[in-house]
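> Generate a structure from the sequence data that follows.
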Amino acid sequence: MKTSNVQSSTSSRTPMTRRRFLGASALAVTAFNVLPRHVLGAEGTAPSEKLNIAGIGVGGMGGGNLENLRSQNIVALCDVDHNYAANTFKKYPDARIWTDYREMLDKQKDIDAVVIATPDHTHAVIAMAAMKAGKHVYCQKPLTHDIAESRALAAASHQYKVTTQMGNQGHSGEGIRLVCEWLWDGAIGEVREVDAWCDLSYYPWGHASWSSKWGVRPTDTPPLPDKLNWDLWLGPAKERPYHPAYHPMVWRCWWDFGVGMMGDRGAHTLDAAVWGLKLGHPTTIEATSTALNPDTHPVAAMVTYKFPAREGLPPLKLTWWEGLRAPRPDDLDDDLVMPAEGGILFKGTKGKIMAGVYSQRPMLLPTALNKDYKRPAKTIPRVEGEAHELEWVRAAKAGKPAVSDFDYAAHLTEICLLGNLAKRMDCRLDWDGPNMKATNSPEANKYLRAEYRQGWSL
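Modelled structure (predicted):
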């Protein structure tokens, strides 16, 4: 682990085919297995017992996750920027404050579980360290920054026998369950095509007028803000000077730090298709994008996936529209609008299902079908209060998988990452999922596993 320049601290889903996907290609993970009192055996943990939770990256979304976990014990808060995290620190005066998550995991022995809401490029190293330390892990979406990391985390979650959850909160909602139940009931017949979209864009890149050439890495070196440990913020990413074009909040548009809109919204929007249509590995992924550069995600793109027949379902074409809106369905009444910011449209032989970005408010098209269709019985277990974070807590106490555990989350994340890979290569990729490689592009395979800075590893 990297130790230089480190500031010291101041104080039940329906089974899917993803297990086959992991079995053929999971990366070997080795480490000494430390199991604190809470790691679950046959007995589990009493539901009345509170988990001791640590937040890692608490200045933004992590603060919101912790708010949903206030019924538990928030015992530690870790952030590399103590100014950015100051408001969250104030909310939990009894929590110990840390800068380096590694030091926290090593020294604070009362932690049962961690919530990770750092930039995308540090998710994997932190989640892996937490699992090796025997902690239950809730990690914000996207699960990882590259495909090899996703497969490694999924394998490790089995090895260390902890309860994991990705923060795609729509997976605990009513909407996605309705979509799946309608699909499985045959409400719209056979589905061979899906459109999913997010019409938002990261533009201008960096959200600040720091350069006359948008999307080009800044060359000036403003002073480092007080109480920000930039070396830890970079983590395994390549070294570069601090700049406000990266932190806070604006890192996701940069390839080195973020997974772009596919990770931001695709991890939510594609969820219903992966679950409801039992998607395994795509065979091809093809992308067309606006102007590309080596530093930033494109402003807009269209990604087309082809999935083979599976489990009695026909081949599927799935199109992701980014920075764009999918074509309006011709059977959507004139007085109805497509979901704001993004959504998904399943096209069947008998009709369509349309839902919002988190699978919320699903409806059938045409209107007559939505009115006349007799809804099936609710066969998928519902999440109490639809609170994704608390579903994870209950699963950890019961010794059961959470609804979006790292098995499921790794596969969903991989599909998003493959879209980014096709955008980056600006071509069609032929994908060999079990062997984790693009068979027609050796160049693309170089992006499957990030090159970490010296001193960093999984």
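> contacting residues around the closest residue in space to D81 that isn't next to it in sequence?
In space, and not counting its chain neighbours, D81 is closest to L228: 4.5 Å by CB to CB, 6 or more residues apart in numbering. Heads up, the C-betas are built off the backbone N, CA and C, glycines and all. Contacts for L228 (CB atoms under 8 Å, 6 or more residues apart in numbering) come out as V80, D81, H82, N83, Y84, Y242, H247.
> For A113, state which of those residues is nearest.
V80 (20.4 Å; CB to CB).
> how close does the closest one get to V58?
In this view, V80 and V58 are 11 Å apart by CB to CB, to the nearest Å.
> which of these two has more neighbours?
Neighbours per residue (other CB atoms under 10 Å) separate V80 from V58, with V58 holding more: 31 against 28.
> Looks to me like the more buried one is in a helix.
No. Per DSSP: H, G, I helix; E, B strand; the rest coil, V58 lies outside any helix segment and is coil.
> Break down the stretch 351-458 of the chain into its strands, ranges please.
352-356, 363-365, 428-432, 437-438 (DSSP state E, counting those that start in this stretch).
> Let me have those in a markdown table, extended by mean pLDDT and mean neighbour count.
Shown next, in a markdown table, are those (pLDDT from 0 to 100; neighbours: other CB atoms under 10 Å):
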| stretch | mean pLDDT | mean neighbour count |
| --- | --- | --- |
| strand 352-356 | 98 | 23 |
| strand 363-365 | 97 | 20 |
| strand 428-432 | 97 | 19 |
| strand 437-438 | 98 | 21 |
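> Dump those into a markdown table; add distance to L318 as well.
Putting the strands of the stretch 351-458 of the chain into a markdown table (distance: least, CB to CB, whole Å) gives the following:
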| stretch | distance to L318 |
| --- | --- |
| strand 352-356 | 14 |
| strand 363-365 | 18 |
| strand 428-432 | 13 |
| strand 437-438 | 18 |
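> picking that back up, and the contacts of L228, which of them are buried?
Neighbour counting with 16 or more other CB atoms under 10 Å marks V80, D81, H82, Y84, Y242, H247 as buried within the contacts of L228.
> still on that earlier bit, what's the closest of the strands of the stretch 351-458 of the chain to L390?
Set against L390 and scored by CB to CB, those come closest in strand 352-356, at 22.3 Å.
> Identify the residues contacting the closest one?
175-176, 179, 182-183, 187-188, 272, 329, 331-332, 338-340, 342-346, 361-366.
> Throw together a ChimeraX command that grabs the buried residues out of the residues you listed.
Command for ChimeraX that selects the buried part of those, burial taken from 16+ other CB under 10 Å:
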select :175,176,179,182,183,187,188,272,332,338,339,342,343,344,345,346,362,363,364,365
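> So which of the contacts of strand 352-356 sit within helices?
Residues of the contacts of strand 352-356 located in helices (DSSP state H): G175, I176, V179, W182, L183, A272.
> ok so, going back, could you check how far the residue nearest to D81 is from Y84?
Using CB to CB, L228 is found at 8 Å from Y84.
> ok, the nearest residue to L458 once chain neighbours are set aside - contacts?
Distances taken as CB to CB, 6+ apart place M128 nearest to L458, at 4.9 Å, with adjacent residues excluded. Neighbouring residues of M128 by CB under 8 Å, 6+ apart: V29, A152, L153, A156, L458.
> Now flag whichever of these is closest to K317.
Among those, and counting by CB to CB, the member closest to K317 is L153, at 29.1 Å.
> ok, C427 touching S441?
Yes. Using CB atoms under 8 Å, C427 is in contact with S441, at 6.9 Å.
> nearest to N52, of the contacts of M128?
Nearest to N52 out of these is A156 (CB to CB; 21.5 Å).
> looking at this, that closest one is in a helix?
Yes. Using three-state DSSP, the assignment for A156 is a helix.
> residues touching it, list them.
Contacts for A156 were tallied using CB under 8 Å, 6+ apart; they are V29, M128, M131, K132, F406.
> What separation is there between it and A300?
36 Å.
> Lovely, talk soon.
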